[in-house]
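Enquirer: need coordinates for the following:
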Amino acid sequence: MRPPSKWGRRSKRCLTLFCLGFAIILVIVLIGVFPIGWILFPPRLPSPHPPYPHQEPAVPADPHPDFTVDIYSDAAIGIYLWQHIFKASTTSKLGGSLLYGFHKVDGLSFRFRTGPALAATETITEPHVVLVVNGRTEGKVLRARQWLEVTARSPLVENVGLVLLGNEQCNNEWLLWYLESSKYKIRVVFIVYDSTLVDGKRVFQWPLGVATYRGFPLLELQTGDIVGQRRYLCHFMGTVYRNNSRMQLVKALEGSKFTEKCYIKTRYEWPESETEDSASDYLKTLETSESVLSPLGMNAECYRIYEALSVGALPIVEDQKSPGMCDSPYRLLKEFNVPAYFVADWDELETTLEYLASLSEEELLHQRHKIIRWYAKFLQQMRDRFVNVIKQTFIIQK
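Expert: Next comes the predicted model:
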């Protein structure tokens, strides 16, 4: 047996030293390329299983986080929209001549401006604008046209919405030219009072609401506010026009056995504004009445219908068309099944009051509950309709 060659021993030693050197170099390279933590504690691969039930998935981001709509209100119905429907507040500026506010609803931010300081000479630089304007008379229409020209002149305005207090004879044909012209960028119109323009696609019916221009407050009555016996079975405080069905109402009340149980206060001239005493008297007597009589006025839809609903009183409404181009009175209220009693004429008043007088206190309380719940839900539905239509017309169809 031969002894090991010295060259074999040297070869083995060289191979060992080479392998050791290569291993040291490899370790140095790995440390230089990857953090030591990755080598010592390699990252775990994500689990293919869904999160445990108690782990809430991430909330998706708002797709339009910076979408802001600016509301310029040149009519009192803007206050009804902002304070009563949106339930938003305002801040006074310039000695009360300007009211403004901020509110966010369902991912949209709204900025609101109204007051005497707001003029149709404004320079509007916001891209998404809603104008609240009055179209009752020719003079009011002229001012509404001026506002539409303001938005048309601005190269920055992309979308325009309109909330219009329409003509009481339902003649709003002046608006057609603006709707047909792309210059004015009108995407949607919400119109008060019946109109043949309403199609539920671009033109929507909108509620008249309460008389905010006379200071009628936002009332959010709870159960404790409507319990207890109410003093008056019915209520009517308003202007009586000549050759109008209100004359028939007055005669029906004069011959009724329930006259002493109703609060009746009439006048023969319509005042632009109430005195502080008359406004206070109206609200106090309204809140203590079981029903409110709403005869046809210059238009079928009256403030007193919404004011009655807000205090839980049953509106007794004359179901007749207004003169002029009106076709579908109370369209919006009937669409939402308003808790009101409709009469064809005031000859039905006596039997209606007899029915109310026959109800127990418990039944009357149930009726009040039903009315205030309906009205609160109605305001919320109007808010949702407004916001959804703005989204549809300003964003989705853009």
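
Enquirer: and the helix or strand that K377 is a member of, what does it pack onto?
Expert: Assigned by DSSP states H and E, K377 belongs to helix 361-390. If contacts are counted by 3 or more C-beta pairs under 8 Å, 6 or more residues apart in numbering; DSSP states H and E, helix 361-390 sits against strand 186-192, strand 203-206, helix 223-226, helix 303-310. Glycine gets a C-beta too; all of them are placed from N, C-alpha and C.

Enquirer: closest to E348 out of the ones you listed?
Expert: In terms of C-beta to C-beta, the element of the helices and strands packed on helix 361-390 nearest to E348 is helix 303-310, at 17.3 Å.

Enquirer: what about the strands in the chain?
Expert: Assigned by DSSP state E, the chain shows strands spanning 68-73, 91-93, 98-105, 108-114, 128-134, 159-165, 186-192, 203-206, 234-239, 262-267, 291-294, 314-318, 341-343.

Enquirer: export these to JSON lines and tack on distance to M247, mean neighbour count and mean pLDDT?
Expert: Shown next, in JSON lines, are these (distance: least, C-beta to C-beta, whole Å; neighbours: other C-beta atoms under 10 Å; pLDDT from 0 to 100):
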{"stretch": "strand 68-73", "distance to M247": "36", "mean neighbour count": "20", "mean pLDDT": "97"}
{"stretch": "strand 91-93", "distance to M247": "43", "mean neighbour count": "11", "mean pLDDT": "95"}
{"stretch": "strand 98-105", "distance to M247": "39", "mean neighbour count": "16", "mean pLDDT": "96"}
{"stretch": "strand 108-114", "distance to M247": "37", "mean neighbour count": "20", "mean pLDDT": "97"}
{"stretch": "strand 128-134", "distance to M247": "29", "mean neighbour count": "23", "mean pLDDT": "98"}
{"stretch": "strand 159-165", "distance to M247": "27", "mean neighbour count": "24", "mean pLDDT": "98"}
{"stretch": "strand 186-192", "distance to M247": "26", "mean neighbour count": "23", "mean pLDDT": "98"}
{"stretch": "strand 203-206", "distance to M247": "29", "mean neighbour count": "22", "mean pLDDT": "97"}
{"stretch": "strand 234-239", "distance to M247": "12", "mean neighbour count": "22", "mean pLDDT": "94"}
{"stretch": "strand 262-267", "distance to M247": "10", "mean neighbour count": "16", "mean pLDDT": "92"}
{"stretch": "strand 291-294", "distance to M247": "13", "mean neighbour count": "26", "mean pLDDT": "98"}
{"stretch": "strand 314-318", "distance to M247": "12", "mean neighbour count": "24", "mean pLDDT": "97"}
{"stretch": "strand 341-343", "distance to M247": "16", "mean neighbour count": "17", "mean pLDDT": "97"}
